[in-house]
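In: Need the 3D shape of this:
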Amino acid sequence: MPTIEIGQNEFLLDGKPFRILAGAMHYFRVHPEYWKDRLLKMRAMGLNTLETYVAWNLHEPQPGEFQFTGWLDLERYIEMASELGLYVIVRPGPYICSEWEFGGLPAWLLKDPGMRLRCLYQPYLDAVDRYFDAVFQKLVPLQITRGGPVIAFQVENEYGSYGNDQKYLKYLEVGMRNRGVDVLLLTSDGPSDEMLQYGTLPHLFKTVNFGSRASEAFKKLREYQPDGPLMCTEFWNGWFDHWGERHHTRPAHDAAQALEEILEQGASVSLYMFHGGTNFGFMNGANAAPGPRYQATVTSYDYDAPLDEAGRPTPKYHAFREVLGKFTDLPLEDLPEDAPAMALGEVELTQVVELEHSLEALSGEVQSAVPETMEALGQNYGFIFYRTQVSGPREDAPLRVLGVHDRAQVFLDDEEIGILERESPGKTLSITIPPQGSTLEFLVENMGRVNYGPELADPKGIIGGVLLGQQYLFNWSMFPLPLDDLSGLRFETRRPVRWPAFFRGVFSVERPADTYLALPHWNKGVVWINGFNLGRYWKRGPQKTLYLPGPLLKPGENEIIVLELHGVRKPVVEFRDEADLG
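Out: Modelled structure (predicted):
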C-alpha cells in the first residue's frame, strides 16, 4: 500500500525521500475547460503536487443541499491531476480564508443569531459534520493509500490567526480520521509564537506560511517541531487587491530569490498562488480591521502569480522554473499553447429596465417591523432593497443607519440623496419630510463577507436599525435580491429614468475565445454574460477589465446584462484582448 510518511528531515513516499513542490490552484476559480491546461503548465514548471482549497459555501449553498458537478466536480479535478502525474494536497476547511467570501463558510450559518464560528459551538459543529460527511465521501477514495493522488489533508486553516480552541481542532482531526482519512494531516500557520501555539496540536505535522525570510520562519518552526521536514504551505509570491488600492505586484527576481532560499533549506514548498484565477460572481471576500476599516477584494484573483488570470505564463513563471531546475529534474515537454484572446471592440447595450420596476420580478416582498439582515431572510449574496413610509411634516434632521453592511444607496421620493458606506460609520444624511410624507428607500450591497480575522461573523444588509433624529423608523418592506436569476426582467428600448438600472445587449462571436470586458463609461455594478455572473466592476479601481473565459461564450449571438448603480455616460462596453488590472 503506498504511503506518505514523516522522516527525520524529509518526507518519505513509499519509503523514499520526497520533496513536495506544490502549486496552489483552486478549481472554483478556474473554468473547468481550462483545468487541464493549467495543470499541464504546473507540471512543466517543475512542480509535482497540486494544492487546493475546498469551498464549503459552494458545495452546500443551502443546508443539506450538496453540489459536486460542473465547476464543483472536485473528484474530477483531483483525478485529472493524477492522470497528469501530480500528487494532491487538499485543504478542506471548513474555513479556508483565501480572500473568498466568508472564508468559504456558507452564509446561512449566520441565520443563527447566536452563531459562534470555528469553535466547539454545537450548531456550528453539526453543520461541519454534515459537510464533512459529504466531502470526505468524495475525497477518501482518492487518497494515495487507496490508489489515488492525495498525499495530505490540512486540518482547519491558519487557526492560530483566529482562536485558541484546541478542542475544536481535535474535533476536526478525529472527524477526519473517523471518516476514513489515513494519510498525512498537517496544519499551516504564520511563523509566530501565538500562531504556532494555538493553530495546531502537538502531534500534528506543522508547516508555516510566509512570503520572505525563510531562514527566520523555519527557525521559529523548529522551536515547535525540532524534527521532520520543513515546509512552507503558502509561499506568498504575489498578493491580492482591494477596491481603491493600487494593484499589487512583486518583481519576478525578488520572488524567485525568496523561493530559492526556501529550497536551499531543503524544505518543501507550495506556491500561493501558482494560478489565482477569478472571484466570479459575488464570491470575493473582504478584510476588516478596527477603525472600522472595511476593504472588499476585487473580482480578479490574478495575484501576480506565475500564471496570470487567463493562464498565461508570466516572467515569474520562467524565473521560478529556472530556480526549480536547480533542485529537481525539469520535464522536457513543451508548454501548452496559451488560449488566444480576442478584441471584439465596442458593443452598445440598447435595452434597459429600472431596478425599482423589477423588484417583484426578481424577488418577493417581505414585511417586518424592523429592517432584517440578508441572513435572517434566507439570502446569501447580492443586494437587498428596503422601503418605509415616513410621515410629515418634519424639519431637517439627521438620517442615520446603525450598521451598513456594506454600501447603501439612499433614496427619498425616488431621488438618490446619498451613499452610506461601512467604512464611514459616523456619516449621516440630512433630510426634510414634506407635509404629505415621503418614501424612504435603501439599496444595500453585500460587497463580500470578511474572510480573515476577528470580524469573521459578518451579516449583511442593515444590521441595527434606522434613525431619523432620535427616532427609530419601523414598518419596513424588503426585497431580497440575490440576482441569481434575471429571466424575469422585462427590457425596453428607451433611456432609464431612475438608477439603478439593468442594461441588455447582444453581440456576435464567430469563434469563442478569451476576452476582457472594459466599462470605461460606467461607474459601479455587476455583469452577466449568457446568464453567468462575471463579477463586479467599479471605477474606483484598480481593476479596469473583467476577465471573460472563452468557454462562457458561444458561436453566434451572446447576451450581456449590466446592472449599473449610479449612471452611465453612454451604454457602451468594450471587449479587449488585454487585461488592465491597474
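In: In the chain, where is pLDDT below threshold?
Out: When residues are selected by pLDDT under 70, those of the chain lie in 291.
In: what's the distance between V390 and V527?
Out: The spacing between V390 and V527, counted by C-beta to C-beta, to the nearest Å, is 35 Å. Heads up, the C-betas are built off the backbone N, CA and C, glycines and all.
In: the more surrounded of the two?
Out: V527 (23 against 19; other C-beta atoms under 10 Å).
In: Return the distance of the more buried one relative to S487.
Out: To S487, V527 is 17 Å away according to C-beta to C-beta.
In: before we move on, what SS does the closest residue to A369 other than its chain neighbours have?
Out: The shortest distance from A369 to any residue that is not its chain neighbour, by C-beta to C-beta, 6 or more residues apart in numbering, is 5.0 Å, and that residue is F474. Under the three-state scheme (DSSP: H, G, I helix; E, B strand; the rest coil), F474 adopts coil.
In: same check, this time on W71
Out: Following three-state DSSP, we place W71 in the helix state.
In: How about V444?
Out: With three-state DSSP as the basis, V444 sits in strand.
In: Look at the nearest residue to it once chain neighbours are set aside and say how many residues are nearby.
Out: Leaving aside its sequence neighbours, V444 sits nearest to A408 (C-beta to C-beta, 6+ apart; 4.6 Å). Around A408 sit 24 other residues, with neighbours defined as other C-beta under 10 Å.
In: so how far is M447 from A408?
Out: Taken as C-beta to C-beta, the span from A408 to M447 is 11 Å.
In: And D413, by the same measure?
Out: Between D413 and M447 the computed distance is 27 Å (C-beta to C-beta).
In: just Q379 next, same as before
Out: Distance, Q379 to M447, by C-beta to C-beta: 15 Å.
In: likewise R116?
Out: The span separating R116 from M447 equals 24 Å under the rule C-beta to C-beta.
In: For my notes, confirm L125 occurs in a helix.
Out: Yes - secondary structure of L125 (three-state DSSP): part of a helix.
In: residue closest to the middle of this structure?
Out: The central residue of the chain, meaning the one whose C-alpha is nearest the mean C-alpha position (C-alpha atoms, centre = their mean), is W100 at 2.4 Å.
In: The residue nearest to that residue when sequence neighbours are not counted - how many residues pack around it?
Out: Nearest residue to W100, sequence neighbours excluded (C-beta to C-beta, 6+ apart): G285, at 5.1 Å. Neighbour count of G285, defined by other C-beta under 10 Å: 26.
In: and G285, backbone torsions?
Out: Dihedral angles phi and psi of G285 (degrees, to the nearest 10) take the values phi -90, psi -160.
In: Correct me if wrong: it contacts L105.
Out: No - contact criterion C-beta atoms under 8 Å: G285 and L105 do not qualify, at 10.5 Å.
In: re the thing from before, and the residue nearest to W100, what does it touch?
Out: 97-103, 279, 296-297, 448-452 (C-beta atoms under 8 Å, 6 or more residues apart in numbering).
In: Identify, from the residues you listed, the entry nearest to R394.
Out: The closest of the contacts of G285 to R394 turns out to be A296 (C-beta to C-beta; 34.3 Å).
In: That closest one: how many residues sit nearby?
Out: 24.
In: and what of E510?
Out: Around E510 there are 9 other residues, counting by other C-beta under 10 Å.
In: do you know how far it is from T545?
Out: As judged by C-beta to C-beta, E510 and T545 stand 22 Å apart.
In: now swap in V128 and tell me
Out: Spatial separation of V128 from T545 under the definition C-beta to C-beta is 38 Å.
In: ok, which stretches of the stretch 201-350 of the chain are helices?
Out: Chain-ordered helices for the stretch 201-350 of the chain, with DSSP state H, counting those that start in this stretch as the definition, fall at 214-224, 252-264, 315-324.
In: could these go into a markdown table alongside mean neighbour count and distance to I151?
Out: Putting the helices of the stretch 201-350 of the chain into a markdown table (neighbours: other C-beta atoms under 10 Å; distance: least, C-beta to C-beta, whole Å) gives the following:
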| stretch | mean neighbour count | distance to I151 |
| --- | --- | --- |
| helix 214-224 | 16 | 20 |
| helix 252-264 | 18 | 19 |
| helix 315-324 | 20 | 19 |
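In: export those helices to a markdown table and tack on distance to V506?
Out: Listed next are the helices of the stretch 201-350 of the chain as a markdown table, based on distance: least, C-beta to C-beta, whole Å:
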| stretch | distance to V506 |
| --- | --- |
| helix 214-224 | 53 |
| helix 252-264 | 41 |
| helix 315-324 | 37 |
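In: How is this protein partitioned into domains?
Out: Structural domains annotated on the chain: 4-324, 345-354+499-576, 356-481, as defined by automatic domain parsing.
In: Minimum distance to P331: which of these has it?
Out: Within those, the stretch nearest P331 is domain 4-324; the backing value is 5.4 Å (C-beta to C-beta).
In: measure that closest one end to end?
Out: 22 Å (C-alpha to C-alpha, to the nearest Å).
In: Same check on stretch 158-165?
Out: Comparing the first residue of stretch 158-165 with its last one, the separation is 13 Å (C-alpha to C-alpha).
In: how about the helices in this structure?
Out: If you assign secondary structure with DSSP state H, the helices in the chain sit at 35-45, 56-59, 74-83, 122-139, 166-178, 193-198, 214-224, 252-264, 315-324, 359-362.
In: Give me the buried stretch members for the fifth one, please.
Out: In terms of neighbour count (16 or more other C-beta atoms under 10 Å), helix 166-178 has its buried residues at Q166, Y168, L169, Y171, L172, E173, G175, M176.
In: Was I right to think the fourth one contacts L125?
Out: Yes - distance between Y171 and L125: 6.6 Å, which falls inside the contact criterion (C-beta under 8 Å).
In: For the closest residue to M42 other than its chain neighbours, list the residues it contacts.
Out: The shortest distance from M42 to any residue that is not its chain neighbour, by C-beta to C-beta, 6+ apart, is 5.0 Å, and that residue is G23. The contact partners of G23, by C-beta under 8 Å, 6+ apart, come to M42, M45, L47, T49, L50, E51, S270, L271, M273, F274, H275, P306.
In: Can you get me a residue count around the second one?
Out: A count of neighbours around M45, defined by other C-beta under 10 Å, yields 24.
In: So what does the residue lying farthest from the centre of the chain look like in phi/psi?
Out: Among residues of the chain, the one most distant from the C-alpha centroid is P435; the distance is 47.4 Å, by C-alpha atoms, centre = their mean. Its backbone dihedrals place P435 at phi -60, psi -40, with angles given as degrees, to the nearest 10.
In: and it, what does it touch?
Out: Remark: with contacts taken as C-beta under 8 Å, 6+ apart, P435 is in contact with G392, P393.
In: returning to what we had before: can I get the helices of the chain in JSON lines including distance to F385?
Out: As requested, those are arranged in JSON lines below (distance: least, C-beta to C-beta, whole Å):
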{"stretch": "helix 35-45", "distance to F385": "38"}
{"stretch": "helix 56-59", "distance to F385": "23"}
{"stretch": "helix 74-83", "distance to F385": "35"}
{"stretch": "helix 122-139", "distance to F385": "29"}
{"stretch": "helix 166-178", "distance to F385": "38"}
{"stretch": "helix 193-198", "distance to F385": "42"}
{"stretch": "helix 214-224", "distance to F385": "48"}
{"stretch": "helix 252-264", "distance to F385": "45"}
{"stretch": "helix 315-324", "distance to F385": "44"}
{"stretch": "helix 359-362", "distance to F385": "6"}
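In: for stretch 229-247, the distance to its chain's centre please.
Out: 14 Å (C-alpha atoms, centre = their mean, to the nearest Å).
In: try stretch 543-556
Out: Using C-alpha atoms, centre = their mean, the offset of stretch 543-556 from its chain centre is 19 Å.
In: List of residues touching it?
Out: Against stretch 543-556 from outside (C-beta under 8 Å, 6+ apart): 31, 33-34, 241, 243, 247, 278, 298-300, 309-310, 339, 508-518, 520, 527, 529-530, 532, 534-535, 537, 575-576, 578-582.
In: if you set the cut-off to 6 Å instead, what comes out?
Out: Contacts with stretch 543-556, where a contact means C-beta atoms under 6 Å, 6 or more residues apart in numbering, come from 31, 33, 278, 298, 300, 309, 509, 512-518, 529, 532, 534-535, 579-582.
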